[in-house]
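Asks: any chance you can model this:
(one chain, ligands or ions: 1)
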Amino acid sequence: MKKVVIIGGGIAGLATAYHLLEGARKRGCAGLEVTLIEKGGRVGGNIRTERIGGFLIEGGPDCFLSEKPWAMQLCKRLGLAPRLLPTSRPRGKTFVFSGSRLHLLPEGVILMVPTRMLPLLTSSLISLPGKIRMALEVFVPRRDPSKGDESLGDFVRRRLGREALDKIAEPLVAGVHAGDPETMSIRSSFPRFVELEERYGSLIRGMLARMRAMKAGGGGKAPGVTMFMTLKGGLGELIEAILEKIKDVSIRTNTRVVSIREKGRGYTLLMDDGSSMEADSVVVATPAYVAAEILDGVDRRLSERLLTIPYTSTATVSLGYKKKDIAHPLDGFGFVVPGIEKRRIMAATWSSVKWEGRAPEDSVLIRCFVGGARNEDLVFLDDSGMTEMVRQELRDIMGIEAEPVLVRIFRWRKAMPQYTIGHAERVKEIEGMASSHPGLYLTGSAYHGIGISDTAREAEETAGRVLSYLYGDKAVASSGS
Ligand SMILES: Cc1cc2nc3c(=O)[nH]c(=O)nc-3n(C[C@H](O)[C@H](O)[C@H](O)COP(=O)(O)OP(=O)(O)OC[C@H]3O[C@@H](n4cnc5c(N)ncnc54)[C@H](O)[C@@H]3O)c2cc1C
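Replies: The predicted structure follows:
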């Protein structure tokens, strides 16, 4: 028997378990015993879907990016292709709160790069000097790549100007990570922008070239695929589908791994209930600071390096309203709030507009984001303080006075890793140190991409490495089959 223990039952741990079983089956690796240990009472980690009174509420993530194909691929392999759900429109309007009102994000702005000049010129969001500065991006010289990493803030100011950073990139792009653009690494958080600059000398030229190439190659996305995708019954369906496929994995919930010790060619894991377990290979799929704690006895230096990946806390607050009580037209997918506005929410998604089946016919669902690097303390307001605060913000920003028919708050304490400047080098160092402990692997959103798709890709790679370690050439020779 070869024993693998996975620590952490988020999507990283679950997908690793799935790929281990699938990989072993396809490669004919016999005698694999997989155990997954989760400290909470449920698996899924940040992915948590609830149905209450006809509303479908996502506590954590609500979608994945189709451009990164791995989450969709995983769904398809799990038989969830018929359950994939695109946004209700291929492109929904996004608004930006600036001054004292919502402005339309100029059409053609992709992430933060303007690709159409007319909507930018007529936009009420950016001042005339700000628009000119953005358009001049095509003339900004390429940065010498040998200078190394740069913050998102410096990158955007240098290429597109201060206003583009404050009103577009910071709320839209940094918002994805709930991060501070002045400390976020552009290379690790948005490598695509660095590639565009390096290859085309300009983000605008690069984005336009890519759009032209896509058109020439038959154009854009497959039918039924939009930029953001989810599942009809929410992302909880992904967790349920994995659980269906990993019935052979022994899952222990309500059990916290407190430490690991190296023992001969394997490991001994110690649990908070005083029990222990032996393993030939261990996959640590927890946040990095938890991995640091667990691995302190294996490798002090590795543990110290893991602690250098900071995390921030966020909360989502979902509010259900009767449609008749909302005067706002909800003519888009939601809005983002730049930090310079000094408001107390980061963004809101008009969930029942963006996705089908999120609210009863006569109701709407609005989901607000709180906290992040800017306002972490707000995450820990008590329920009534949080509800009052969010309702005040929606009153000021959208004019909503009505009493919600439902409020659901999810707090995510230190759940969002921050890829700060130098993150890629730190991860390289961490992985170098971990590799001196045969059979020990780290996986999850702390390292090579914070979203579900990147985490799913990494989980598959991790499972491949575990099988190669345990079964040697047999696993390597037939990998990819
Ligand atoms: C509010 C929010 C919104 C998000 N929105 C999106 C989105 O829309 N799209 C997207 O792609 N991504 C989004 N993300 C990111 C996404 O949630 C992550 O990429 C992904 O869920 C990370 O999965 P993971 O398994 O690495 O970590 P986690 O989900 O954190 O799982 C780690 C697991 O380890 C367990 N654990 C911790 N310590 C121990 C221990 N000592 N012993 C045993 N178990 C332990 C935890 O209980 C947890 O279940 C969002 C994140 C948050 C917080």
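
Asks: my guess is Arg408 contacts Val317. True?
Replies: Yes - between Arg408 and Val317 there is a contact at 7.4 Å, judged by C-beta atoms under 8 Å. Bear in mind the C-beta positions are built from the backbone N, C-alpha and C, glycine included.

Asks: bridging residues for Ser250?
Replies: The partner list for Ser250 in beta bridges (DSSP bridges) reads Thr35.

Asks: what is the burial count for it?
Replies: Using other C-beta atoms under 10 Å, Ser250 has 12 other residues around it.

Asks: list the contacts of it.
Replies: The contact partners of Ser250, taken as C-beta atoms under 8 Å, 6 or more residues apart in numbering, are Glu33, Val34, Thr35, Leu36.

Asks: how close does the third one get to the ligand?
Replies: Which is Thr35. Plainly put, Thr35 is 11 Å away from the ligand if you go by C-beta to the nearest ligand atom, to the nearest Å.

Asks: mind listing what that residue touches?
Replies: Counting by C-beta under 8 Å, 6+ apart, Thr35 makes contact with Lys3, Val4, Val5, Ile6, Val249, Ser250, Ile251, Arg252, Met277, Ala279.

Asks: related to what we said a few turns ago, Arg408 and Val317: which has the busier surroundings?
Replies: Taking neighbours as other C-beta under 10 Å, Arg408 and Val317 compare with Val317 leading, 26 against 19.

Asks: what mean pLDDT would you report for whichever helix or strand that one is part of?
Replies: Element membership for Val317 (DSSP states H and E) is strand 311-322. Strand 311-322 carries an average pLDDT of 98.

Asks: adjacent strands (with direction) for it?
Replies: Partner strands and pairing direction for strand 311-322 (DSSP bridges) are strand 363-371 (antiparallel), strand 406-417 (antiparallel).

Asks: coming back round to it: what subset of the contacts of Thr35 is buried?
Replies: Buried members of those, counted by 16 or more other C-beta atoms under 10 Å: Lys3, Val4, Val5, Ile6, Val249, Ile251, Arg252, Met277, Ala279.

Asks: a markdown table for those, including distance to the ligand, pLDDT and secondary structure?
Replies: Listed next are those as a markdown table, based on distance: C-beta to the nearest ligand atom, whole Å; pLDDT from 0 to 100; DSSP: H, G, I helix; E, B strand; the rest coil:
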| residue | distance to the ligand | pLDDT | secondary structure |
| --- | --- | --- | --- |
| Lys3 | 17 | 98 | strand |
| Val4 | 15 | 98 | strand |
| Val5 | 10 | 98 | strand |
| Ile6 | 9 | 98 | strand |
| Val249 | 14 | 98 | coil |
| Ile251 | 11 | 98 | strand |
| Arg252 | 9 | 98 | strand |
| Met277 | 12 | 97 | strand |
| Ala279 | 14 | 98 | strand |
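
Asks: now, which of those sits nearest Ile452?
Replies: If you rank the buried ones among the contacts of Thr35 by distance to Ile452 using C-beta to C-beta, Ile6 comes first, at 17.3 Å.

Asks: please list all residues in contact with the closest one.
Replies: Applying C-beta under 8 Å, 6+ apart, one finds that Ile6 lies in contact with Gly13, Thr16, Ala17, Val34, Thr35, Leu36, Ile37, Val282, Val283, Ala285.

Asks: now Gly31: closest residue in space, sequence neighbours ignored.
Replies: Met1 (5.0 Å; C-beta to C-beta, 6 or more residues apart in numbering).

Asks: check Ala174 too.
Replies: Pro181 is the one closest to Ala174 (C-beta to C-beta, 6+ apart), at 4.4 Å.

Asks: now Tyr471
Replies: Distance criterion C-beta to C-beta, 6+ apart; nearest residue to Tyr471, sequence neighbours excluded, is Cys29 at 4.5 Å.

Asks: picking up where we left off before, mind telling me the two of the contacts of Ser250 farthest from one another?
Replies: By the measure C-beta to C-beta, Glu33 and Leu36 form the most distant pair in the contacts of Ser250, at 11.5 Å.

Asks: settle it for me: which of the two has more neighbours?
Replies: Higher neighbour count among Glu33 and Leu36: Leu36, with 25 against 14, using other C-beta under 10 Å.

Asks: and the strands paired with strand 311-322, which is most packed in?
Replies: Mean neighbour count (mean count of other C-beta atoms under 10 Å) peaks for strand 363-371 among the strands paired with strand 311-322, with a mean of 24.

Asks: can you show me the CA trace of the helix or strand following it as CSV?
Replies: Downstream of strand 363-371, the first helix or strand assigned by DSSP H and E is helix 383-398. Only the C-alpha atoms of helix 383-398 are listed here, as CSV (Å, rounded to 0.1, in the frame of the first residue of the first chain):
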residue,chain,number,x,y,z
ASP,A,383,-23.8,41.0,12.0
SER,A,384,-26.1,43.9,12.8
GLY,A,385,-23.2,46.4,12.4
MET,A,386,-22.2,44.8,9.1
THR,A,387,-25.8,44.8,7.8
GLU,A,388,-26.4,48.4,8.8
MET,A,389,-23.1,49.5,7.2
VAL,A,390,-23.7,47.7,3.9
ARG,A,391,-27.3,49.0,3.7
GLN,A,392,-26.0,52.5,4.2
GLU,A,393,-23.5,52.1,1.4
LEU,A,394,-26.2,50.7,-0.9
ARG,A,395,-28.4,53.7,0.0
ASP,A,396,-25.7,56.2,-0.8
ILE,A,397,-24.4,54.5,-4.0
MET,A,398,-27.6,53.0,-5.5
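
Asks: near the ligand, which residues of the chain are found?
Replies: Within the chain, the positions adjacent to the ligand are 7-13, 37-40, 45-47, 60-64, 256-257, 285-287, 290, 294, 314, 316, 412, 415-416, 444-445, 450-453, 455 by C-beta under 6 Å from any ligand atom.

Asks: and Val284, what does it touch?
Replies: Contacts were defined as C-beta under 8 Å, 6+ apart; by that measure Val284 touches Ile7, Gly8, Ala291, Ile294, Leu295, Leu440, Tyr441, Leu442, Thr443, Gly444.
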